[in-house]
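>>> coords below, sequence missing:
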């Protein structure tokens, strides 16, 4: 049986380009003892993958040249020699960027698709949603009545975070690119939505809607947003640093903001985090998410491209703002 997968041709410097990838057709072996064969239904593309394409080890190993790229995926078991899984079961894995695979059953997580569709486990009910939850609950410790600024509000983590923060009783300011995204932010509950491309002073635009400043900032962007956040955070303000996508494609060393003294003068609490270090919160996350969804407080959004060959385009779209909510590729 043949299947297609995406390989990395070279490590990236600057913006991702089509020639960085290739589509390979490979043989898919039948499952051996303890193995299952899975047809992927959806694969995830995520900003953190850009670091793995640079050939540099950070908190995770880089992708290997000439090998299949891997990421989150949900799929359906089509054949099984593993006691815990049978054909028709749905599973979540890190074996994305391919149409199918044969792997040990113990490396997969069975998921319940009777209530949520399978792709939700790559977004609002998966690590994406949990990233927003951990940032708000543990890193920031957001309280009812506080004001939160959510950057990249139309993205996967940002759009989840806006809705979670509203469910937690906060006032939410959200920023994104373009009027269409601003309208979307308002539709999912943001109290104030700002097009950061329509202002030459982002901090001043935040202060127009929050004259006293913000209690907390959720960092997804970095760069100019980080600089503005240091200015508008209140005394003892808190920041959850989840990502800095504005800097990921810098071919040269990025400049450093010149207002870092605010960290000292305001006694700011800035906490960077990787969601995989906080899996002890999963039970609490599932409980709260279930309650919020049953109460109609959560409306997850997805942007879906069709076909494995669209994976590089979907990934590049993360950096140009092509997505509302979670960016996925349907296989």
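Sure thing, it's come through. Just so it is clear, the structure is predicted and the values come from calculations on it, not from any experiment. Numbering: from 1, shown residues only.
>>> what are the ranges of the helices in the stretch 101-250 of the chain?
Ranges of helices within the stretch 101-250 of the chain are 127-134, 156-167, 179-187, 202-209, 224-232, based on DSSP state H, counting those that start in this stretch.
>>> mind pulling the model confidence for residue 248?
Per-residue confidence (pLDDT) for residue 248: 68.
>>> thinking again about what came up before, any chance of the helices of the stretch 101-250 of the chain in JSON lines, with mean pLDDT too?
Listed next are the helices of the stretch 101-250 of the chain as JSON lines, based on pLDDT from 0 to 100:
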{"stretch": "helix 127-134", "mean pLDDT": "96"}
{"stretch": "helix 156-167", "mean pLDDT": "97"}
{"stretch": "helix 179-187", "mean pLDDT": "96"}
{"stretch": "helix 202-209", "mean pLDDT": "98"}
{"stretch": "helix 224-232", "mean pLDDT": "96"}
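>>> nearest to residue 271, out of the ones you listed?
Nearest of the helices of the stretch 101-250 of the chain to residue 271, taken as Cβ to Cβ: helix 127-134 at 10.2 Å. Bear in mind the C-beta positions are built from the backbone N, C-alpha and C, glycine included.
>>> what angle separates the closest one from helix 156-167?
Relative orientation of helix 127-134 versus helix 156-167 (axes from the mean of the first three to the mean of the last three Cα atoms, to 10 degrees): 40 degrees.
>>> could you dump the helices of the stretch 101-250 of the chain into JSON lines with distance to residue 92 and mean neighbour count added?
Output for those, formatted as JSON lines (distance: least, Cβ to Cβ, whole Å; neighbours: other Cβ atoms under 10 Å):
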{"stretch": "helix 127-134", "distance to residue 92": "10", "mean neighbour count": "26"}
{"stretch": "helix 156-167", "distance to residue 92": "16", "mean neighbour count": "27"}
{"stretch": "helix 179-187", "distance to residue 92": "27", "mean neighbour count": "17"}
{"stretch": "helix 202-209", "distance to residue 92": "37", "mean neighbour count": "18"}
{"stretch": "helix 224-232", "distance to residue 92": "31", "mean neighbour count": "21"}
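>>> I figured residue 214 was touching residue 231, is that so?
No. In this structure residue 214 lies outside contact range of residue 231 using Cβ atoms under 8 Å: 10.3 Å.
>>> tell me which of the helices of the stretch 101-250 of the chain sits nearest to residue 16.
For residue 16, the closest of those is helix 156-167, at 17.8 Å, according to Cβ to Cβ.
>>> which helices and strands does the closest one pack with?
helix 127-134, strand 147-150, strand 171-176, helix 179-187, helix 282-294 (3 or more Cβ pairs under 8 Å, 6 or more residues apart in numbering; DSSP states H and E).
>>> just put these in a markdown table and tack on distance to residue 141.
Converted to a markdown table, the helices and strands packed on helix 156-167 look like this (distance: least, Cβ to Cβ, whole Å):
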| stretch | distance to residue 141 |
| --- | --- |
| helix 127-134 | 11 |
| strand 147-150 | 11 |
| strand 171-176 | 16 |
| helix 179-187 | 24 |
| helix 282-294 | 13 |
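>>> nearest to residue 94, out of the ones you listed?
helix 127-134 (10.2 Å).
>>> and the next element down the chain from the helix or strand of the chain with the lowest mean pLDDT?
None of the helices or strands of the chain scores lower by mean pLDDT, DSSP states H and E than helix 49-52, at a mean of 90. Moving toward the C-terminus from helix 49-52, the next helix or strand (DSSP states H and E) is strand 73-80.
>>> roughly how far apart are the closest residue in space to residue 259 that isn't next to it in sequence and residue 171?
What sits nearest to residue 259 in space, not counting adjacent residues and going by Cβ to Cβ, 6 or more residues apart in numbering, is residue 230, at 5.2 Å. Taking Cβ to Cβ, to the nearest Å as the measure, residue 230 falls 20 Å from residue 171.
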